[in-house]
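Participant: sequence below, structure please.
(one chain, ligands or ions: 2)
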Amino acid sequence: MQTSYAPGRVELLGNHTDYNEGVVLSAAIDRGVTLSGERTGSSRVTLCSTTLESTFEASTASLAPNKEHEWANYLLGVLDVFQKAGLPVGGFSAEIKSDLPLGAGLSSSAALEVSTAMLLQKLFGLSLDRLTIAKLCRRAENEFVGVNCGLLDQVSSAFGKAGHAIFLDCRNETVETTPFPDGVELLITQCGVPHRLSGGEYNERRLQCFDAAARLGAKALRDVTSAQLEAAKAMLPTLSYKRAAHVVGENERVLQGIEFLRNGNVRAFGALMFASHESSRHNFENSTPELDALVEIARDLPGVLGSRLTGGGFGGATVTLLERDKAHAVAETLVAKYREQTGHVAHAHLCEIADGAH
Ligand code: ADP
Ligand code: MG
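Facilitator: Numbers count the residues shown, from 1 in each chain. Ligands and ions are numbered 1, 2, ... in the order given. Coordinates of the predicted model:
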């Protein structure tokens, strides 16, 4: 019997930068997906999710996405792309255990994929590098599961390092890690309100970004500096300007953020997180009153360094960087005040910045 583990992740800076070929900072968290399994010695694949109390069987000879057991597609998809890459894999069993909430924006899907890849490596004696694993797992999610995600989730799960931020350049597909000073922790707070909008906003924002880049004569917003954007402001429709200002600002904040971390200036890093949220609220309009309330309440609590919405927005969660010795007090007060102000029940997860898959 072999085991593998891969963590979830949270985006720290670089909101909606991925499809604009930009840069992003994330961190792996101390929650994830554990698999245990062995070779079946045949073409048989036996999968079991303890989380969902569900089992599924398949054959390596006829892998196809399954509608009734969608969860199994994340594992079968990884097996499928490994086979298509010509890697010597075969039938296996796997039991899933997880302490990551599903569909909460902490990327349980990528953790499940990367954990599957790690298990296959062990069972079949492979030694792929982490970037190759991340790319194969993204391909599994894109092509087999049918979700059009970028590379961030899989890279974060594969490259996570305790106490370090992970930098991903989405155009060049390069990855680096940079340490945080000791004594900080993350608080991920789900706002407890279902996404109110239809879901079309995400695509609408994408198109608005592509349109703004075209108006600026750039291949992607990645190629625009804030100085160029300000110089072009008068000729841009206000909406294009605001959308571009968010993405251009986020790319610049990611690069500044790394510099601040290199200099050990975690307060300045936190200030960038607040600035990122303000830009989401004003420029990109992907915040909600609930996410704004969480950030505003956090801002006034002792020990909080920075706070912002994380992920797509329009609901979901905020991420707060805070001093470890005040973390429990902040989490309690934040949830209580948020309930007082909005009537909603938030779910707070205190997380360490943790190691990636192993
Ligand atoms: P997120 O990645 O933000 O958690 P997704 O919708 O991308 O949300 O992925 C969630 C899906 O991943 C679940 O619906 C399920 O199919 C699969 N999944 C994640 N964790 C598990 C688990 N422990 N057991 C079975 N399936 C899981
Ligand atoms: Mg996911």
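Participant: you'd agree residue 179 is up against residue 263?
Facilitator: No: in this structure, residue 179 is not within contact of residue 263 by Cβ atoms under 8 Å, at 11.6 Å. Glycine gets a C-beta too; all of them are placed from N, C-alpha and C.
Participant: name the residue in these two with the higher neighbour count.
Facilitator: residue 179 (14 against 10; other Cβ atoms under 10 Å).
Participant: and the pLDDT at the closest residue to the more buried one other than its chain neighbours?
Facilitator: Sequence neighbours aside, residue 164 is the residue nearest to residue 179 in space, at 5.1 Å (criterion: Cβ to Cβ, 6 or more residues apart in numbering). Looking at residue 164, its pLDDT reads 98.
Participant: now the element after the longest helix along the chain, going C-ward?
Facilitator: Using DSSP state H, we find that the single longest helix of the chain is helix 238-262. The C-terminal neighbour of helix 238-262 among helices and strands, as given by DSSP states H and E, is helix 266-279.
Participant: show me where the stretch 201-350 of the chain has helices.
Facilitator: 226-232, 238-262, 266-279, 289-299, 327-342 (DSSP state H, counting those that start in this stretch).
Participant: up against ligand 2, what does the stretch 101-250 of the chain have?
Facilitator: Proximity of the stretch 101-250 of the chain to ligand 2, by Cβ under 5 Å from the ion, involves residues 107, 109.
Participant: give me the residue from the stretch 101-250 of the chain nearest ligand 2.
Facilitator: residue 109 (3.2 Å; Cβ to the ion).
Participant: wait, that residue touches residue 142, no?
Facilitator: No: the criterion here is Cβ under 8 Å, and residue 109 misses it with residue 142 at 11.5 Å.
Participant: those two - which one has more neighbours?
Facilitator: It is residue 109, of residue 109 and residue 142, that has more neighbours when counted by other Cβ under 10 Å, with 25 against 15.
Participant: contacting residues for the closest residue to residue 106 other than its chain neighbours?
Facilitator: Residue nearest to residue 106 in three dimensions, not counting chain neighbours: residue 8, with 3.8 Å by Cβ to Cβ, 6+ apart. Counting by Cβ atoms under 8 Å, 6 or more residues apart in numbering, residue 8 makes contact with 28-29, 31-32, 100, 106-108, 110-111, 157.
Participant: residue contacts, residue 78?
Facilitator: Residue 78 touches 113, 116-117, 120, 136-137, 140, counting by Cβ under 8 Å, 6+ apart.
Participant: I should have written residue 31 there, sorry.
Facilitator: 7-8, 99-100, 106, 349, 351.
Participant: one step back: any residues in contact with both of residue 109 and residue 142?
Facilitator: Shared contacts of residue 109 and residue 142 (Cβ under 8 Å, 6+ apart): residue 149.
Participant: circling back to that earlier point, now the helices of the stretch 201-350 of the chain in a markdown table, with distance to residue 183, mean neighbour count and mean pLDDT?
Facilitator: Shown next, in a markdown table, are the helices of the stretch 201-350 of the chain (distance: least, Cβ to Cβ, whole Å; neighbours: other Cβ atoms under 10 Å; pLDDT from 0 to 100):
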| stretch | distance to residue 183 | mean neighbour count | mean pLDDT |
| --- | --- | --- | --- |
| helix 226-232 | 32 | 14 | 98 |
| helix 238-262 | 14 | 21 | 98 |
| helix 266-279 | 9 | 21 | 98 |
| helix 289-299 | 18 | 22 | 98 |
| helix 327-342 | 10 | 17 | 98 |
